[in-house]
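# Fold the following for me, if possible:
(2 chains)
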Amino acid sequence: MAQTLVEQIISHAAGRPVRAGELVVVPVDLAMAVDSIAPSIIRILREDLGKERVMDPDRVAIVIDHVAPPSTVAVAEAQAALRRFAAEQGIRHFFDVGRGVCHQVLVEERLAAPGRIVVGSDSHSTSYGAVGALGTGMGASDVALIWATGRTWLRVPETIRVEVQGRFRPGVGAKDLALWLAGRIGADGAAYQALEFHGVEAFSLAQRFTLCNLAVEMGAKVGITFPSGEVADQFPPPDWLHLPAEDAPYARRVVCPLDDIGPQIAVPPHVDQVVDLEALGRVPVDVVFLGSCTNGRLEDLRTAAAILRGRRVARGVRFLVCPASHRVLEAAAAEGTLQVLLEAGAVLLPPGCGPCLGRHLGVLGPGEVCLSTANRNFRGRMGSPEARIYLGSPAVAAATALAGTIAAPDISLDEA
Amino acid sequence: MARVWTFGSNVDTDQILPGRFAPYLVGEENLGKYPFCELRPEFAREVRPGDLIAAGANFGCGSSREYAPLALKRVGVGAILAPSFARIFYRNALNLGIPLFEVPWTGELCDGEVVTLDLARGLLLTDHGVYRLPEPPAFVRAIWEAGGLVAYVRRHGRFPGEEARP
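Numbers count the residues shown, from 1 in each chain, chains lettered A, B, ... in the order given. The predicted structure is shown next:
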C-alpha cells in the first residue's frame, strides 16, 4: 500500500504500518529545547515527573538562541542553569550563545536527518522536513515527557500533496512560494496535516528549509520534502524511505505554478494576508531585518549582497542582518558576502533568533514599520503592538533597504 | 455560572501571551498577569475561575509556547470553544488538562453573557438555548481526569492508550 512520507516515517518508528488518523505512541530520535522553554521543561521533568535524569542524553539537544546573548540578569542566570544541567546530565548536543538558530544548528550538526522523528520546543521545528525528517513543534510538557520516557504521542496526520510546477521567475524564491501558498490555503489551511512538497528536485537545502519552516504558518504539523538532487548527496535517505507515489492517500492536492508567482508580501498582522508586491502601494520602512530560521542562510545573504553590491541602504533605514548560524557567518565572511553587506550599511547581529521575537537586538517602537525576512507579522511580535511587520524574501529585503520603501528587486542585478 | 469572553479568528499566541512577557523574562509566578494583556487589557483583571473563551477559527496559531495556555489555566479558564484550534495550542492545552471543544457555533455566543458549562452532561446552557458539546475521545477524557498528561504518565507509567510497559 502506498504511504505518504509521514506515514512511512511513523510506521517505521511504530514498528507496524500506520494510516492517517491513527493515534500512536512512538520513540523520538531527538527532542530539542531552546533557552526560553528549557527552564520550564527541566522544572516539569524534576518536580512534576520526579525524574532526576533524562532517559538518553544523546537524544536531547539544547540550543541557546532565543535571547542570545542574554538581555537581563534573570536570563543570564537561566542560561547558566542550562549549562549546568547539560554538564550534569552528560548532554553532548548543547549549543551555546552564538552557535545559531536551533533549526539551522540541528541540520548543520546532522541531528536532523532523513526518516528521523525530531521534536523541538519551537513551532518552526517543521524545518527538519528540508532533509526528509519528520520535524514538529511541541510544548514544554511534551518535551519533558520525551526527555523522561523517550516517547511521545502523535496523531498520524493527513497529508496535502503540494505540486510545484515550472521555474522561479528572476528575483523570486522559496519565500515567495511559501507566502503565496499561505495566502492561497490560509493560516489554518493545513491544520493538523502534513504538507508534502513535490516538484522540488532542483531546490537547494536552503530553499527547502524556507518552505518547510513556513509550513507551520499554514497550521501544518509537518512540512516535508523527499531528499533528492543536491540534498540527497548530503542527506541520503535510508533504504526504507521512498518518494511517495501519486496514488498515496492524500487529503488533497495543491498546484503551485511558479511561472505565475512574483514577489509576495505578507501584510500585518497575519501571515496569510498575502499580496503581490506590485499591488502593495508605497510603504516606507524604518527597519529591514534579514535573518531568522526562515531566511538567515548563506544563500539568503548572497541574494541580498548581489542586490546591495556597491550601493548604500537608504538614509534612515536600519538594516539588521542576523546570520542563522556561526557557520553561515564564517562562510559569509570568508567569501566576501559579509563585506558587501557591511559596506552597504548593514548592522551585524550575533547568530541566533535576533529581533524576530521581540525580546532583544532590535525591538520595534510604536508606529515603526519593519520589512522582515522572518516568519511572523503578528501584532506585537517584534515589540510594540503599534509597530507593523511586513514579511518578504531576502531579495525584497535588500531592494527595500536600498529604496527605503518596500520594493521589488531589480532583476537585472539579481543573480538568483 | 461563567462569563463568556469572545474573540475573533486567528488569535495567535502573541495575542494570548506576548513573547515579551514570557516566564523566562518576567518570572513564572507572574504569568497570570499577562494573558491577552495587549488585546484585551481588562481580561486578566476581570476573568473569574470557570469563565469560558469562545473564539473564531484557528485559535492559538503561532508559537509552541505552552505558557500561553498555561496562563489561561493559571487564571482558571474553564473551557475554550472554537470552530478549530491551531495544532500545537490544542496539544498544549489538552496536555495541561484544559477542556477544549471544537464547535461551529461560537459566533452565536455574546461577549459578557453568563452561561453554565455542564461538562458531565456535555452541555452549555445559555439564555438563548442549550448547546451540545462533542463527546471527547477516551484519550482526551483520560488526560482530563488525570489533570493533565504529565500527571497521567506519572501515575500510570505510560501514555493513555499505550499498553502497559514492563
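
# In contact with residue 83, which residues?
Using chain A. A:94, A:96 (CB atoms under 8 Å, 6 or more residues apart in numbering or on different chains). C-beta coordinates here come from the backbone N, C-alpha and C atoms, glycine included.

# Wait, chain B was what I had in mind.
Contacts of residue B:83 (CB under 8 Å, 6+ apart): B:56, B:57, B:102, B:103, B:104, B:106.

# And for residue A:191?
A:219, A:220, B:58, B:84, B:85, B:86, B:87.

# Now do the phi/psi pair for whichever residue of chain A sits closest to chain B.
At 3.2 Å from chain B, residue A:139 is the closest residue in chain A, using CB to the nearest CB. Phi and psi for residue A:139, reported as degrees, to the nearest 10, are phi -90, psi -180.

# For it, the count of nearby residues, please.
Counted with other CB atoms under 10 Å in any protein chain shown, residues neighbouring residue A:139 total 28.

# Surely it is in contact with residue B:60?
No - using CB atoms under 8 Å, residue A:139 makes no contact with residue B:60, being 10.9 Å away.

# Give me the common contacts of the two.
B:69, B:88.

# Please name the nearest non-neighbouring residue to residue A:323.
residue A:329 (4.1 Å; CB to CB, 6 or more residues apart in numbering or on different chains).

# Would you mind giving the domain segments of chain B?
B:2-134, B:136-166 (automatic domain parsing).

# Which of the helices or strands spans residue B:117?
Secondary structure from DSSP states H and E places residue B:117 in strand B:114-118.

# What helices and strands are in contact with that strand?
In terms of contacts (3 or more CB pairs under 8 Å, 6 or more residues apart in numbering or on different chains; DSSP states H and E), strand B:114-118 is packed against strand B:2-6, strand B:123-126.

# Direction included, what does it pair up with?
strand B:2-6 (antiparallel), strand B:123-126 (antiparallel) (DSSP bridges).

# Among the ones you listed, which comes closest to residue A:204?
In terms of CB to CB, the element of the strands paired with strand B:114-118 nearest to residue A:204 is strand B:2-6, at 45.4 Å.

# So is the helix or strand just after the closest one next to chain A?
Next along the chain after strand B:2-6, taking DSSP H and E as the criterion, comes helix B:13-16. Yes - contact of helix B:13-16 with chain A (CB under 8 Å from any CB of the partner chain) involves B:14, B:15.

# sorry, back to before: dump the helices and strands packed on strand B:114-118 to TSV, plus mean neighbour count, mean pLDDT and distance to residue A:250.
TSV is the format used below for these (neighbours: other CB atoms under 10 Å in any protein chain shown; pLDDT from 0 to 100; distance: least, CB to CB, whole Å):
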stretch	mean neighbour count	mean pLDDT	distance to residue A:250
strand B:2-6	19	98	36
strand B:123-126	17	98	36
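
# can you redo the ones you listed as CSV with distance to residue A:190?
Shown next, in CSV, are the helices and strands packed on strand B:114-118 (distance: least, CB to CB, whole Å):
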stretch, distance to residue A:190
strand B:2-6, 26
strand B:123-126, 29
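
# Residue A:357 is nearest to which of these?
strand B:2-6 (25.8 Å).

# sec struct for the residue sitting furthest away from the middle of chain A, please.
Farthest-out residue of chain A from its mean C-alpha position, per CA atoms, centre = their mean: residue A:50, at 33.2 Å. Three-state assignment for residue A:50 (DSSP: H, G, I helix; E, B strand; the rest coil): coil.

# where does the closest residue to residue A:287 other than its chain neighbours land in three-state SS?
Spatial nearest neighbour of residue A:287, chain neighbours left out: residue A:370 (4.2 Å); criterion: CB to CB, 6+ apart. Three-state assignment for residue A:370 (three-state DSSP): strand.

# Tell me what residue A:370 is bridged to.
Under the criterion used (DSSP bridges), residue A:370 bridges to residue A:287, residue A:389.

# Contacts only, for it.
A:285, A:286, A:287, A:288, A:289, A:364, A:382, A:387, A:388, A:389, A:390.

# What's the local residue count around residue A:376?
What residue A:376 shows, counting by other CB under 10 Å, is a neighbour count of 31.

# how about the nearest residue to the residue of chain B found nearest chain A, chain neighbours excluded?
Across chain B, no residue is closer to chain A than residue B:66, which sits at 3.2 Å (CB to the nearest CB). Distance criterion CB to CB, 6+ apart; nearest residue to residue B:66, sequence neighbours excluded, is residue A:139 at 3.2 Å.

# Just the pLDDT for the one you found.
Model confidence at residue A:139, given as pLDDT, is 97.

# Would you check that the residue nearest to residue A:323 makes contact with residue A:351?
Yes - contact criterion CB under 8 Å: residue A:329 and residue A:351 qualify, at 5.5 Å.

# So which of those two has more stuff around it?
More neighbours surround residue A:351 than the other of residue A:329 and residue A:351, with 26 against 23 (other CB under 10 Å).

# how far away is the more buried one from residue A:175?
Using CB to CB, to the nearest Å, residue A:351 is found at 19 Å from residue A:175.

# And residue B:70, by the same measure?
Applying CB to CB to residue B:70 and residue A:175 gives a distance of 32 Å.

# As a check, name the ranges of all helices in the chain.
Let's take chain A. A:5-14, A:38-43, A:73-89, A:102-108, A:140-149, A:174-185, A:205-213, A:229-234, A:292-295, A:298-308, A:326-335, A:337-343, A:394-403 (DSSP state H).

# That was the other one, I meant chain B.
B:13-16, B:23-26, B:43-46, B:67-74, B:87-95, B:138-146, B:149-156.

# any idea which of those scores lowest on pLDDT?
helix B:23-26 (a mean of 88).

# So that one, near chain A or not?
Yes - counting by CB under 8 Å from any CB, chain A has neighbours in helix B:23-26: B:23, B:24, B:25.

# Now the residues you listed in CSV, please, with extra columns for neighbour count.
What follows is the residues of helix B:23-26 next to chain A, written out as CSV (neighbours: other CB atoms under 10 Å in any protein chain shown):
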residue, neighbour count
B:23, 24
B:24, 25
B:25, 18
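
# rewinding a little: the more surrounded of residue B:70 and residue A:175?
residue A:175 (29 against 24).

# For the more buried one, which non-adjacent residue is closest in space?
That would be residue A:393: by CB to CB, 6+ apart, it lies 3.8 Å from residue A:175.

# who's in contact with the one you found?
A:172, A:173, A:175, A:176, A:263, A:264, A:295, A:303, A:373.

# My guess is the fifth one contacts residue A:398. True?
No - contact status for residue A:263 versus residue A:398: not in contact, 11.6 Å apart, counting by CB under 8 Å.

# more neighbours, the two?
residue A:398 (33 against 26).

# got a list of what residue A:11 touches?
A:3, A:17, A:18.

# oh sorry, the question was meant for residue B:154
So residue B:154 contacts A:48, A:49, A:50 (CB under 8 Å, 6+ apart).

# which of those residues come close to chain B?
Checking the contacts of residue B:154 against chain B (CB under 8 Å from any CB), the matches are A:48, A:49, A:50.

# Could you measure from the last one over to residue A:148?
Residue A:50 sits 9 Å away from residue A:148 when distances are taken as CB to CB.

# next one: residue A:362
37 Å.

# cool, and residue A:399?
49 Å.

# follow-up on the earlier one: in PyMOL, how would I select just the buried ones from the contacts of residue A:11?
To isolate the buried ones among these in PyMOL, judged by 16 or more other CB atoms under 10 Å in any protein chain shown, type:
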select buried, chain A and resi 3+18
